[in-house]
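Trainee: Below are the sequence and a predicted model; questions follow.
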Amino acid sequence: MALSLGFIVNSLGGELKGSPTQQVQRLAPLQSAGPDDISFLSHARYRSQLETSQAGAVILTPDMQQLAISRPACILTDNPYLYFSRLTRLWREQHPLPARPRVHPSAVVDPQARIAPDAVIGPLCVVEAGAEIGSGTVLHSRVTVGHGCRIGQRCIVHAGVVIGADGFGFAQHEGRWEKIEQLGAVRIGDDVEIGANTCIDRGALEDTVIEDGVKLDNLIQIGHNVHVGAHTAMAGCVGVAGSAKIGAHCTIGGGAVVLGHLSLVDGVHVSAASVVTRSILKPGQYTGMFPLDENSQWEKNAASLKQLSRMRDRVRQLEQQIQTLQKEQP
Amino acid sequence: MALSLGFIVNSLGGELKGSPTQQVQRLAPLQSAGPDDISFLSHARYRSQLETSQAGAVILTPDMQQLAISRPACILTDNPYLYFSRLTRLWREQHPLPARPRVHPSAVVDPQARIAPDAVIGPLCVVEAGAEIGSGTVLHSRVTVGHGCRIGQRCIVHAGVVIGADGFGFAQHEGRWEKIEQLGAVRIGDDVEIGANTCIDRGALEDTVIEDGVKLDNLIQIGHNVHVGAHTAMAGCVGVAGSAKIGAHCTIGGGAVVLGHLSLVDGVHVSAASVVTRSILKPGQYTGMFPLDENSQWEKNAASLKQLSRMRDRVRQLEQQIQTLQKEQP
Amino acid sequence: MALSLGFIVNSLGGELKGSPTQQVQRLAPLQSAGPDDISFLSHARYRSQLETSQAGAVILTPDMQQLAISRPACILTDNPYLYFSRLTRLWREQHPLPARPRVHPSAVVDPQARIAPDAVIGPLCVVEAGAEIGSGTVLHSRVTVGHGCRIGQRCIVHAGVVIGADGFGFAQHEGRWEKIEQLGAVRIGDDVEIGANTCIDRGALEDTVIEDGVKLDNLIQIGHNVHVGAHTAMAGCVGVAGSAKIGAHCTIGGGAVVLGHLSLVDGVHVSAASVVTRSILKPGQYTGMFPLDENSQWEKNAASLKQLSRMRDRVRQLEQQIQTLQKEQP
């Protein structure tokens, strides 16, 4: 099941320094790679890992070549991380997982759903009436796609995902919540990947929209009528409330929360665990997270924080008193 | 599949200004509604959206009627949002989803579970022994209801929900965790809605209780022996730790956390992403969330925050020094 | 279905004060226990609950014995909470749940998966090729174990868990995300419990590892190549990003986030909702969470917080001005 270095550079490009017949048994990180393995150096800051690595072959940039000179082989490329990502896909192609049925017999697919001939519906999935699954898309096990929801081409949907549950919509009346029927659906573009147990709710009147190339990690909540722009990525446990509009090429860090009805322009990057409480009109990195501290320190600072606005008043008063004193100074 | 305005006001009330035979093809937001659609103005602050809307009919309050004067039709009602919510339900009634079997053949229902004759058990659900599902309740696909758990009438449980997994209970002994068997169950009232992939754990000794009319969004965690009072609503990604007691008519914002063994009285509103670390004995709105900022600004403020308690000491010292100076002033 | 006190102390030890033939109908908390029930006093701070409790028998430490003197019976033991946890297990043994098939017929188990003869695979589970499930391990309903993932002995995996979905790995190229195939798997030790709808991703090249005795609550996200040390426990809604290394005997509070590529030594305790942004090299309790406040107070303090670094400058300036004034003082 090994690949030769020659086969790798023939498939992916790059300049091979070493023997094309050298075999690679495994892709491995620098720290644990052995003489039969190939690894990669994605950034100069990891060079010390390279120095002590046993890797028999390494992927790196031409200007780092000196670091690999004592090894049997290296592959030179301008973007080693990208090269590595392509090597993982080549590796998977050459070591395919067991074939699976196109539509697993245990899946519950409504006769009125439209499944592309080469889409894969995994075990125990539910695809409801009017749903559409595009060409090359794979639903792993136990995915639900609700009625009328559409998924584009070449998407990957991991286990436990729920697409098209009702959005959270109620009108209050005499202390009770009256349900607003969710009449929209979910529309997902091409090349989208959706992580395990993530939920994307259907829209209230119109559709919730996930554009092309979006990548969502696990356990993310996307509320009704959210719009996520193309090639935006969100890490695990993010929550996006209803009708938020997130631009293209954004990144949202793990555990962050975006409140409802906000707009984020393209190219906004929200740090992990930050809460977006207002629209963001300028690209950039945004953060709001209490810094971690030893608990005893945190307790003191948190107590002071609850006095912060009063402290600000006291500083202002001090400034006035100083001014008075300075004037009275002979 | 259209509805006439006459049919709508006959069903839901309200005063129609316009022709009862005018047909409505779709419910739509003001911004995207066309001449064949009906929309609504829930609040005066959206009046500019109404001005530019193409909606052929609009639901609004009598005092806003002037804003709709140029339209073919409007419906006057004191609470347009409530009216709209009822219109979505009327719409769904008139445009029903495909009929589904009462108990889907793929569901795994224990013969010792009690399912009301008109409850619906969706595809690939699991209902264990001794569980009870009340009249008119719908379990969407892939819901698990554990042994002995009871769900009331007219509840809606979305895909992937887990009711009655073991609570998280362990006793520590010599550095290891010994399991506390969870001998309680979950008891859910009437008219409760539970969002996709939400989890409600069974109690340790007694039951976890969700009272009537509670609405839980997606991906919420309810720990063992939690008690949620009637008509309380929680947005997505909330976590409520074990034995917390949340009152009636509360709202908990998305991503908020309520620690264990706390009590919140009726009418408490917790803002999104806030952490409740102590009991709340007074109704009101409570918040604790680091304000979002540009990352560079945040870094400066977060660094200062870690010195906050020292800064407070410095301010106190300054105040004393000023006092001394003021006294010494001639 | 009752147990006698004699049977209990014969099984679990402890010193019985009272009649061994006294029957116990139920395990119950002090507040709700009746004369036929047994309860426990885990800590002196709950003694007032004991005073008003109707419990017919109570488990407590010898030095608390006086508090139970008026009751029909008590059991003395050094660690009542541990005793109680063992009593719950004894109770479950004596009141077993209905027998279930070893591999439920609705489960989808690949012929190339290896299931120990006494493991239990619940309804609608998916176990893929090459997966291994150890002796005595129970998968409750609707669990997915991906190809090549291994679970040790005596583990409990609750409904909706996803083990071995792809890690979230992409290389950026010309504004798009190129997938990094996730070639590793997940390796879970013995005596691990995993809560409902929790996700543990497979590693990119090597395995994600959960060591022996780890307890994970519901809705937790464990990223690829995370390593969780033995006997560490995490409460609900925690997110651990890729390649984080968490030591043994740690506890992570509910809703906390651990960023990627960090190391936490053994014995680190992270408070609920705190964000770990740097490695922690010293055991102890760590916290970072905005204190909850009434919303109006919070608004003032949060506004001041955004000026905090400027306020620090102002305090510094005040200090200098005071010094100058003090020097100039006659």
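Mentor: Ah, there it is.

Trainee: The nearest residue to residue A:208 once chain neighbours are set aside: what's it in contact with?
Mentor: Distance criterion CB to CB, 6 or more residues apart in numbering or on different chains; nearest residue to residue A:208, sequence neighbours excluded, is residue A:186 at 4.7 Å. Glycine gets a C-beta too; all of them are placed from N, C-alpha and C. Applying CB atoms under 8 Å, 6 or more residues apart in numbering or on different chains, we find residue A:186 in contact with A:146, A:149-150, A:163-164, A:200-203, A:207-210.

Trainee: How about residue A:151?
Mentor: Neighbours of residue A:151 in contact, by CB under 8 Å, 6+ apart: A:131-134, A:137, A:145, A:157, A:163, A:188, A:192.

Trainee: give me that answer again for 10 Å
Mentor: Listed by CB atoms under 10 Å, 6 or more residues apart in numbering or on different chains, the contact set of residue A:151 reads A:116, A:119, A:127, A:131-134, A:137, A:139, A:143, A:145, A:157, A:163, A:186-190, A:192, A:194, A:210.

Trainee: Looking at those residues, which are in strands?
Mentor: A:127, A:132-133, A:139, A:145, A:157, A:163, A:186-188, A:194, A:210 (DSSP state E).

Trainee: What is the end-to-end distance of stretch A:254-266?
Mentor: 19 Å (CA to CA, to the nearest Å).

Trainee: domains of chain A?
Mentor: A:3-94, A:108-286, A:295-328 (automatic domain parsing).

Trainee: Helices along the stretch 151-300 of chain A, start to end?
Mentor: Secondary structure of the stretch 151-300 of chain A by DSSP state H, counting those that start in this stretch: the helices cover A:295-305.

Trainee: angle of the helix of greatest length in chain A against helix A:295-305?
Mentor: When chain A is parsed with DSSP state H, its longest helix is helix A:308-328. On the basis of axes from the mean of the first three to the mean of the last three CA atoms, to 10 degrees, helix A:308-328 is oriented at 70 degrees to helix A:295-305.

Trainee: can you give me how far helix A:308-328 is from the chain middle?
Mentor: Centroid displacement of helix A:308-328 relative to its chain, using CA atoms, centre = their mean, to the nearest Å, is 48 Å.

Trainee: tell me the mean pLDDT for that helix?
Mentor: For helix A:308-328, the mean pLDDT works out to 92.

Trainee: Residue A:311: neighbour count?
Mentor: Neighbours of residue A:311 under the rule other CB atoms under 10 Å in any protein chain shown: 21.

Trainee: ugh, wrong one, residue A:284
Mentor: 12.

Trainee: I'd like to know how far the closest residue in space to it that isn't next to it in sequence sits from residue C:309.
Mentor: In space, and not counting its chain neighbours, residue A:284 is closest to residue B:294: 6.0 Å by CB to CB, 6+ apart. Applying CB to CB, to the nearest Å, the value for residue B:294 to residue C:309 is 12 Å.

Trainee: Same drill for the two, tell me which one is more crowded.
Mentor: Taking neighbours as other CB under 10 Å, residue B:294 and residue C:309 compare with residue C:309 leading, 17 against 13.

Trainee: tell me the contacts of residue A:324?
Mentor: Each residue near residue A:324 by CB under 10 Å, 6+ apart is listed here: B:322, B:326, B:329.

Trainee: residues in contact with the second one?
Mentor: Same thing as residue B:326. Residue B:326 neighbours (CB under 10 Å, 6+ apart): A:321, A:324-325, A:328.

Trainee: could you flag which of the residues you listed are buried?
Mentor: A:321, A:325 (16 or more other CB atoms under 10 Å in any protein chain shown).

Trainee: any idea which element residue A:74 lies in?
Mentor: Element membership for residue A:74 (DSSP states H and E) is strand A:73-76.

Trainee: mind saving the C-alpha coords of that strand as PDB?
Mentor: In PDB, the C-alpha atoms belonging to strand A:73-76 read as follows (Å, rounded to 0.1, in the frame of the first residue of the first chain):
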ATOM      1  CA  ALA A  73      14.700  12.700  -0.100                       C
ATOM      2  CA  CYS A  74      12.800  15.800  -0.100                       C
ATOM      3  CA  ILE A  75      10.100  17.400  -2.400                       C
ATOM      4  CA  LEU A  76      10.400  21.200  -3.000                       C
END
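
Trainee: Now find how far off-centre it is within its chain.
Mentor: The answer for strand A:73-76 is 30 Å, by CA atoms, centre = their mean.

Trainee: which other residues reach it?
Mentor: A:5, A:8-9, A:12-20, A:22, A:24, A:38-41, A:55-65, A:67-68, A:80, A:83-84, A:87.

Trainee: Go back to those and keep what's next to chain C.
Mentor: Among the contacts of strand A:73-76, the residues within reach of chain C (CB under 10 Å from any CB of the partner chain) are A:39, A:80, A:83-84, A:87.

Trainee: ok, back up a step: could you export the longest helix of chain A as CSV, CA atoms only?
Mentor: Output of helix A:308-328 as CSV, limited to C-alpha atoms (Å, rounded to 0.1, in the frame of the first residue of the first chain):
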residue,chain,number,x,y,z
LEU,A,308,-15.4,49.6,36.6
SER,A,309,-17.7,52.4,35.6
ARG,A,310,-17.5,53.8,39.2
MET,A,311,-13.8,53.6,39.0
ARG,A,312,-13.9,55.6,35.8
ASP,A,313,-15.8,58.3,37.6
ARG,A,314,-13.3,58.3,40.4
VAL,A,315,-10.4,58.8,37.9
ARG,A,316,-12.3,61.7,36.4
GLN,A,317,-12.7,63.3,39.7
LEU,A,318,-9.1,62.8,40.6
GLU,A,319,-8.2,64.5,37.3
GLN,A,320,-10.3,67.5,38.3
GLN,A,321,-8.9,67.7,41.8
ILE,A,322,-5.3,67.5,40.4
GLN,A,323,-6.1,70.3,38.1
THR,A,324,-7.4,72.4,40.9
LEU,A,325,-4.4,71.7,43.0
GLN,A,326,-2.1,72.5,40.1
LYS,A,327,-3.8,75.9,39.6
GLU,A,328,-3.6,76.7,43.2
